[in-house]
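Enquirer: 3D, please:
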Amino acid sequence: MDWLTLTALIGALFLVPTAYAGFIGAPWAPTRIASVKKAFDDIGIDAKDTVVDLGAGDGAILLQAAVRGARAVGYELSPIMWIVGCIRTLGQKRITMKYGNLYRATLPKETTAVFFFLMPKHMDQVGKYLASQQISSSALVLSYAFSFKRIAPARVYRENKCAPLYLYELSAIREYFAESSRT
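Expert: Numbering: from 1, shown residues only. Predicted structure coming up:
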């Protein structure tokens with residue numbers, strides 16, 4: 001096997017799952033962190049919290065949670081972004097980067113906040129997924145850029161040059177998806 005074929009095969013091993021990650025959730029795009037900082041400060045993320053990032057990308061949200069003393073767990077399906085996130089969070093004892101499909105993950109029972117930045121077409125899927133998790137109904141859910149169409153957010157954070165950040169209570173998401181499954 002020549003070096004060009006080997007390079008193409010290795011590239012495909014990274015690019016196929018990265019494309020799949022974009023298809024089932026979102027392609028990687030940076031989250032403007034100012035709105036996340038404001039929301040984390042407002043809701044009081046600290047050492048008592050476990051923050052989960054669904055589609056953790058480069059680990060930026062995990063780092064924001066860890067700076068406040070929270071335990072942070074990120075799930076990432078793109079091997080390229082998972083490697084970037086692992087490198088970026090290396091040495092952070094309160095951060096765990098997990099490789100895999102977020103929809104197959106069981107969230108830690110102690111989860112107090114969930115963050116994600118997914119495409120609008122995946123909002124119902126992630127809502128059903130969150131509603132099924134065995135975490136407290138008092139957990140907070142933060143969606144960057146896109147809202148649930150039929151669930152009113154508890155708050156919307158807006159900062160200059162940032163997409164809106166929608167804050168939901170998991171209890172409202174569970175209630176909506178429980179009702180929609182009955183109809």
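
Enquirer: check contacts around the most centrally placed residue in the chain.
Expert: Nearest to the mean C-alpha position of the chain, by CA atoms, centre = their mean, lies Leu54 at 2.5 Å. Going by CB atoms under 8 Å, 6 or more residues apart in numbering, Leu54 touches 25, 75, 102, 105, 114-116, 118, 126. In short, each C-beta sits where N, CA and C put it, glycine included.

Enquirer: mind listing the helices for the chain?
Expert: Counting by DSSP state H, the segments of the chain that form helices are 3-24, 33-43, 60-67, 79-88, 123-132, 170-182.

Enquirer: quick one: average pLDDT of the longest one?
Expert: This means helix 3-24. Taken as a whole, helix 3-24 has an average pLDDT of 52.

Enquirer: wait, which of the contacts of Leu54 is closest to Asp46?
Expert: Nearest to Asp46 among the contacts of Leu54 is Phe115, at 15.6 Å by CB to CB.

Enquirer: I figured Arg68 hits Ile45, correct?
Expert: Yes: contact criterion CB atoms under 8 Å: Arg68 and Ile45 qualify, at 4.7 Å.

Enquirer: can you list residues touching both of those two?
Expert: By CB under 8 Å, 6+ apart, no residue touches both Arg68 and Ile45.

Enquirer: So the two - more neighbours on which side?
Expert: Comparing Arg68 with Ile45 by other CB atoms under 10 Å, the one with more neighbours is Ile45, at 25 against 17.

Enquirer: Tell me the spacing between the more buried one and Glu169.
Expert: Distance of Ile45 to Glu169, computed by CB to CB, to the nearest Å: 15 Å.

Enquirer: can you check Thr31 too?
Expert: Between Thr31 and Glu169 the distance, using CB to CB, works out to 21 Å.

Enquirer: Look up phi and psi at Leu77.
Expert: phi -100, psi -30 (degrees, to the nearest 10).

Enquirer: Tell me the confidence at it?
Expert: For Leu77, the predicted pLDDT is 86.

Enquirer: what does the one 10 residues further on give?
Expert: pLDDT, the model's per-residue confidence, is 96 for Ile87.

Enquirer: pLDDT weak spots in this protein?
Expert: For the chain, residues meeting the criterion pLDDT under 70 lie at 1, 3-30, 181-183.

Enquirer: Mind doing that once more with 80?
Expert: Low-confidence segments of the chain (pLDDT under 80): 1-32, 179-183.

Enquirer: Mind checking which of the contacts of Leu54 are buried?
Expert: Applying 16 or more other CB atoms under 10 Å to those, the neighbour count classes 25, 75, 102, 114-116, 118, 126 as buried.

Enquirer: What's the end-to-end length of stretch 104-124?
Expert: Using CA to CA, to the nearest Å, one end of stretch 104-124 lies 16 Å from the other.

Enquirer: and which of the contacts of Leu54 is nearest to Asn160?
Expert: Among the contacts of Leu54, Phe115 lies closest to Asn160 (CB to CB), at 20.2 Å.
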